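> Requesting a structural model of the entry that follows:
(one chain, ligands or ions: 1)
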Amino acid sequence: MDSQSEVIAAFAPRFMYVKDKMLITGGRPLMGEITVSGGKNTAVAAIAATLLCDEPCTVENLPDIDDVHALNEILQSLGAQVDYVPGKYLTVDPRGVHAFRVPYALTKRLRASYYMLGALLGRGLRAEVAYPGGCDIGSRLIDQHLKGFAALGARIDDRGGMVYANAERLTGGDVFFDLVTVGGTINVMLAAVRAEGTTVMYNVAKEPHIVDLANFLNSMGARIKGAGTNVIRIRGVQHLHSTTYAVIPDQIETGTLMIAAAATRGDVTIHGCIPTHMEALTAKLLEMGVRVTENDDSIRVRPQGEQRAVNVKTQVYPGFPTDLQQPMTALLCMASGTSSVCETIFEQRFKHLDELRRMGAHIRLVDRTVLIEGVRELYGAPVTVTDLRAGAALVVAGLMAKGVTEIYEPSYIDRGYERIEDKLRRLGADIRREKL
Ligand code: EPU
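Presented below is the predicted three-dimensional model:
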């Protein structure tokens, strides 16, 4: 071995596959105004839902992120005609869709590929979809989705990493979810909108994107009631017509920007968001001593003296979102006192902790609770992203830290945040990407 790069190549082969890294010089307060992009988790459900339509339909306000690009490719592989202008709209004409199989090569790119099951089943009574990929944050079962399809009359076979679902006809039925599942609620909704008769889903998720998806489907002529409550009732319809629909703003991008503003003791106004979707985070920031003010569609975050430790527990909406747990943990690394962050949704959403420790955080994990003893400073260090929101946490930590943080595998962040470094740079951050 005669050079450092040969040593790295020999002992850390995964670096050979890393295309770029993100570099952040921390310590600069974020200042200014920024507009949030469309919501990732509505976008991915809405794109799948276009398959149910009998005519072309258009989804607007989609974030320009990898998950959207991957779903676009899946739709095209099935035979849909897609007109996609990134950041503007995506029009899908599903009339040419006769295929019903989505292989692992396509599903491994994102979790939301599981929506192809509900959408293809609802469209053509047949779906063969490989188990999804996506972020590795826990076991992420889909048994409740499959149970819901079965309640509508589908036969389900699950072998060799594939789910096979088919039915002669789908008929409305009662679906009792054993636990609250966002993906399960959406997937069964997709399968039920064209089923014969009425489907009643109990113990459903109430996230804003469930309501948004129901609004989108209703704008095509579906008859969905109760989205946003514990019980959703769907009267099946035979025909869904063309529509144009703009998805809601991204609740998690909004939250990440709020946390980043607080973390840098900056003064940031986030436009185009829905403040009522942010209440769990806003309440925690206020409790920490951060100033948060709201208008109809904007939120301003400003510093106000010392930031205090708080206790956080992730819960289904309207509780504190699991998707903000990791960035919030990064913020609390420098709050005065001892904070606790309990993750109740995903059992392994803790892979950011080792990386935060490299940056000087004092953190312990006890069962599913992170205990954080606030430190006066974090230090820049080389760190590696393991999943989307871990990436957001490391960006927040990098913005707070003294010196340069090198973030490897930032492509995880591109799955769910639209050009995050451009947005942060506009707010004054010293952040860039470098090819490796
Ligand atoms: N679960 C089951 N069985 C099921 C479904 C879920 O046991 O059939 C369990 C899961 O293992 C998990 C919990 O229930 O422990 C909640 O899972 P849920 O189904 O609600 O989550 P998901 O559909 O896998 C979506 C989002 C996630 C977000 C969660 C919770 C999409 C594509 N993904 O995941 O988003 O964290 O809901 O709100 O909408 C992210 O954006 O970073 C992300 C991971």
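> interface residues of the chain facing the ligand?
Within the chain, the residues that sit near the ligand (Cβ under 6 Å from any ligand atom) are 40-41, 44, 111-112, 135, 138-145, 179, 181-184, 252, 322-323, 345-346, 388-389, 416. Using the backbone N, CA and C atoms, a C-beta is placed for each residue, glycine as well.
> when you check those against the strands, which ones overlap?
Among the residues of the chain next to the ligand, DSSP state E puts none in strands.
> which residues touch T42?
By Cβ atoms under 8 Å, 6 or more residues apart in numbering, T42 lies in contact with 208-209, 212-213, 216, 247-248.
> and if you look at T386?
By Cβ under 8 Å, 6+ apart, the neighbours of T386 are 136, 351-352, 355, 409, 412.
> Most widely separated two among those?
D136 and E355 (14.8 Å; Cβ to Cβ).
> So which of these two has more stuff around it?
In this view D136 and E355 are compared by other Cβ atoms under 10 Å, and E355 has more residues nearby, 24 against 13.
> ok, that one to A330 distance?
Separation of E355 from A330 (Cβ to Cβ, to the nearest Å) stands at 10 Å.
> just G305 next, same as before
From G305 to A330 the distance is 20 Å (Cβ to Cβ).
> Give the residue from those two that has the larger number of neighbours.
A330 (29 against 9).
> wait, doesn't the more buried one sit right on R389?
No: the pair A330 / R389 is not scored as a contact, 10.2 Å apart, by Cβ atoms under 8 Å.
> Give the residues shared as contacts by those two.
H352.
> Could you check which residue of the stretch 101-250 of the chain lies nearest the ligand?
G183 (2.5 Å; Cβ to the nearest ligand atom).
> Could I get the pLDDT score of that residue?
For G183, the pLDDT comes out at 97.
> quick one: contacts for the nearest residue in space to it that is not next to it in sequence?
Leaving aside its sequence neighbours, G183 sits nearest to Y114 (Cβ to Cβ, 6 or more residues apart in numbering; 6.1 Å). Neighbour list for Y114: 107, 129, 131-132, 142, 145, 183, 187 [criterion: Cβ under 8 Å, 6+ apart].
> Phi and psi next, for V102.
Main-chain dihedrals, V102, degrees, to the nearest 10: phi -120, psi 110.
> Return the set of residues that bridge with it.
V129 (DSSP bridges).
> Contact partners for it?
74, 77-78, 113, 116, 120, 127-130.
> The same query, at a cut-off of 7 Å, please.
74, 113, 116, 129-130 (Cβ atoms under 7 Å, 6 or more residues apart in numbering).
> How about E253?
36-37, 417.
> can you do 6 Å?
36-37 (Cβ atoms under 6 Å, 6 or more residues apart in numbering).
> Could you do the one 10 residues further on as well?
Neighbouring residues of A263 by Cβ under 6 Å, 6+ apart: 331, 396, 399-400.
> hmm, 7 Å instead?
Counting by Cβ under 7 Å, 6+ apart, A263 has contacts 330-331, 396, 399-400.
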